[in-house]
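Chemist: no sequence on this one, just coordinates:
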């Protein structure tokens, strides 16, 4: 009975995808709304996912020489204004501190929407010679962007992220590091979050305010909408000139340095929900699941059951993130559904019959498949099972990307494909922003990117019919 | 020559302690001033110390059941005002956001100076029954307090910290956890930072705004001034009542829950500098040193030297945080002084003569002692040496605490002891805030705490001569 009751609580994907998403966020206790409009509280279960992402990503960063630091969150107005495109991009969505310690401030301070300006100001102080380069810095912090419409994790006024900022002797090194970091993002998203990415370069219209080039890893959600999942920017000397980041080069001459920046956010938690979930709720890849397996005793009042599950729990917790749910005020059925809804990859059932056979029942969240495993082999089996689940989840997403990627050679085809299928639509593009604007206007889709893996689909732009050498992938987005 | 030059750069402790401190912060590249008044940039070398503290502390937290979350940094004015003592304590030092997204806000938002109000608001939503308790939550984040006078790490307008906030069924559990967390702080400070602590309870005058009781771990710096190094608070129902955190208890009745909170900050980095440093600069305990040992090749142009040091480096870096300084544009003398100034616990010298003998020279930063170690035994020796250094640094501080702790039985003695010695002065105290105020007025010293280890020094209060049962430790503070 409780099972029936429970499942009803989550709106079905088919009925209302947006509500399904919100239901999962709230009911799986990933996050909650707060009295600060547009800002969420990331609850322990959601935050633990972020910690797992952080841990993996930070290690990858450090392997390529990243060092972490922490810069002030408040940026003086005059500092924010030093780079023209940057201020134009960010000014409309910043929050301003105007009063501090009971007094009106002489110069107002914005809460960082991103820290290029603050960090470039500091780099200018610290860099003198080529021997001080490269600097490959990063910070894990909060940022604030005054979004009008917000959604938990996907678009929140305050969110958590890491922002990396580098300085180099020459353009090539700066471009290379931007791509190296993009590869790390792709690694994290594919191997940890089990979501395949589309890698490419943003069109000039979609690039970061102040960048020469923006690179992106795009992902595709269950409903066929795309999510920009992390970006990496090559700045050239766009910031080093206004911020006066000069260095003495190997020839003894002073010159402006070259920069990159790159960021990924708690939006990745939203990607996990929308790439993997189903009508039973959240579905977490084992590598980031805060609870990788939940042990549920069956008929736990029967002799020996609780002792045995506790023994199994104590044993497994040395190697995995496991939870023992021995609550006596919920039915077994309720517990099954509750942990399924919370996306725990594996359920381990142990009851009196299993005790006789010295076995446990394993149930996979991804396929609902059941198997019986000897208790002595549980540890080993779980290790393999987690890999199988992780891979299966990735492959399901990969199949979706393939199914939902289409080619279009005219504006009508673009419209048709997007309306039927959402997904990625690949076309040739002449390079004109007007054609890009037209697609946006007629379909609501943005260019996702100019994929690194280019194909020659046709000779002409799908919109204007002019000669075209660039393949672009388009899609409606979150 | 360079050695001489270099050492001059750091002001001597005897000449000007405050300047010595600032010199180390800046020259060891722990932090730097920024264009945002009162806010520092924590540079990679300083931030790496914080990461080492975080890692250790977070593990200890999780062992006692702490889960991390993240709450909005902006708190609506009406929310901040719900607890009377709290708002009185914090209102003067908050920063207010009044403009967001280009518009004047209807209600201004403060940047969290601490998050009791936000977190209690969320807890009220989440807690229904005793089964939801305890909640032992924590966040690692930035906070802002609009201090008038600031000093890097010790008192910065923005700083990093962790703030833990718990909810319990009864008073005892809440008090117990406050003490458990204090023990963790003591563990971190003594075992990781190698600084002995004085544990106790704050007097009512010195407690946290809104707390029933505040517990503290106090440390003593080289100059004899005290530093409040971490605090833990028992709140009783002071916040659960205004924030309406009620739960159905085991008897089925609704009642207000009990709370604690506890915090430690990047101030701990300041403690490390001021507890251990000397006239050559920073001195870092091996357990938190970003670089535990630096390898410096001697006559690195000589055949075989660079090959050998690289081999040693590759070998050691598997187990320790080591750095190889093979820069060719600095003299060996400069390097010695540079790494000493940066507080690296062990210097490893390898030159042509050492190659012949298959040995390395180890030099301890704490004692300047030199020893010769066979290369094959280097790994093992370092492990032990780090322990020896860590322990020696702790013992030096412990001796200082003993030397600088005095007993006073009259106000004249208090003044005399503090003026001669700074340090901790222990006295009996009647419990009146007037006596506490008088000491403050006459000496500038605050009560550090009512130590857990009480002694009966006399029958009467050192200030007023009335009957007294409480021993208090006093000291001038940072």
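Modeler: Yep, it's here. Keep in mind the model is a prediction, meaning the values are calculated, not measured.

Chemist: from now on I want contacts and neighbour counts done on CA atoms only, so please keep to that.
Modeler: OK.

Chemist: now residue A:99: which helix or strand?
Modeler: Using DSSP states H and E, residue A:99 maps to strand A:95-100.

Chemist: sheet partners, orientation included, of the helix or strand following that strand?
Modeler: Tracing the chain C-terminally past strand A:95-100 and defining elements by DSSP H and E, one meets strand A:103-111 next. Strand pairing for strand A:103-111, using DSSP bridges, gives strand A:74-76 (antiparallel), strand A:95-100 (antiparallel).

Chemist: so can I have TSV of the ones you listed showing mean pLDDT and mean neighbour count?
Modeler: Shown next, in TSV, are the strands paired with strand A:103-111 (pLDDT from 0 to 100; neighbours: other C-alpha atoms under 10 Å in any protein chain shown):
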stretch	mean pLDDT	mean neighbour count
strand A:74-76	97	22
strand A:95-100	97	23
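
Chemist: adding distance to residue B:372, write these out as JSON lines.
Modeler: Formatted as JSON lines, these follow (distance: least, C-alpha to C-alpha, whole Å):
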{"stretch": "strand A:74-76", "distance to residue B:372": "51"}
{"stretch": "strand A:95-100", "distance to residue B:372": "57"}
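
Chemist: specify the local secondary structure of the residue lying closest to residue A:23 once chain neighbours are set aside.
Modeler: Spatial nearest neighbour of residue A:23, chain neighbours left out: residue A:10 (5.6 Å); criterion: C-alpha to C-alpha, 6 or more residues apart in numbering or on different chains. Secondary structure state of residue A:10, per DSSP: H, G, I helix; E, B strand; the rest coil, is coil.

Chemist: show me where the stretch 201-350 of chain A has strands.
Modeler: Counting by DSSP state E, counting those that start in this stretch, the stretch 201-350 of chain A has these strands, from start to end: A:213-220, A:226-236, A:246-248, A:254-256, A:258-265, A:293-297, A:322-324, A:346-350.

Chemist: what residues does chain A put near chain B?
Modeler: A:34-36, A:39-44, A:46-48, A:67-76, A:92-102, A:122, A:137, A:141, A:146-147, A:158 (C-alpha under 8 Å from any C-alpha of the partner chain).

Chemist: list of residues touching the strand or helix carrying residue A:54?
Modeler: Using DSSP H and E, the element containing residue A:54 is helix A:44-63. Helix A:44-63 has contacts (C-alpha atoms under 8 Å, 6 or more residues apart in numbering or on different chains) with A:28-31, A:181, A:184-185, A:188, A:192, A:266, A:269, A:287-290, B:67-70, B:137.

Chemist: quick one: average confidence on that helix?
Modeler: The average pLDDT for helix A:44-63 rounds to 98.

Chemist: let me know the angle separating it from strand A:258-265.
Modeler: Inter-element angle recorded for helix A:44-63 and strand A:258-265: 160 degrees (by axes from the mean of the first three to the mean of the last three C-alpha atoms, to 10 degrees).

Chemist: quick one: buried residues of helix A:44-63?
Modeler: A:44-54, A:57-58, A:60-61 (16 or more other C-alpha atoms under 10 Å in any protein chain shown).

Chemist: cool, stretch A:354-370 as well?
Modeler: Buried, per 16+ other C-alpha under 10 Å, within stretch A:354-370: A:354, A:359-366.

Chemist: quote the end-to-end distance of stretch A:86-105.
Modeler: 24 Å (C-alpha to C-alpha, to the nearest Å).

Chemist: now do stretch A:283-298
Modeler: 23 Å.

Chemist: give the rounded mean pLDDT of that stretch.
Modeler: 98.

Chemist: one more: stretch A:461-477?
Modeler: Here the average pLDDT along stretch A:461-477 is 97.

Chemist: need the contact partners of that stretch.
Modeler: A:225-228, A:408-411, A:418, A:422-431, A:435, A:438-439, A:443-451, A:454-460.

Chemist: recalculate using a threshold of 7 Å.
Modeler: Under the contact criterion C-alpha atoms under 7 Å, 6 or more residues apart in numbering or on different chains, stretch A:461-477 has outside partners A:225-227, A:409-411, A:422-430, A:435, A:444-451, A:454-456, A:459-460.

Chemist: with stretch A:163-181 instead?
Modeler: For stretch A:163-181, using C-alpha under 7 Å, 6+ apart, the contacting residues are A:130, A:133-140, A:232-234, A:236, A:257-263.

Chemist: quick one: terminal-to-terminal distance for stretch A:66-78?
Modeler: End to end - C-alpha to C-alpha - stretch A:66-78 spans 29 Å.

Chemist: from the chain's centroid, how far away is that stretch?
Modeler: Centre-to-centre, stretch A:66-78 and its host chain are 22 Å apart (C-alpha atoms, centre = their mean, to the nearest Å).

Chemist: before we move on, what about stretch A:184-200?
Modeler: 9 Å.

Chemist: how about it: buried residues?
Modeler: Neighbour-count burial for stretch A:184-200 [16+ other C-alpha under 10 Å]: A:184-200.

Chemist: and the residues you listed, which of them are in strands?
Modeler: Members of these lying in strands (criterion: DSSP state E): A:198-200.

Chemist: could you export those residues to JSON lines, including columns for pLDDT and distance to residue A:108?
Modeler: Output for these, formatted as JSON lines (pLDDT from 0 to 100; distance: C-alpha to C-alpha, whole Å):
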{"residue": "A:198", "pLDDT": "98", "distance to residue A:108": "40"}
{"residue": "A:199", "pLDDT": "98", "distance to residue A:108": "39"}
{"residue": "A:200", "pLDDT": "98", "distance to residue A:108": "38"}
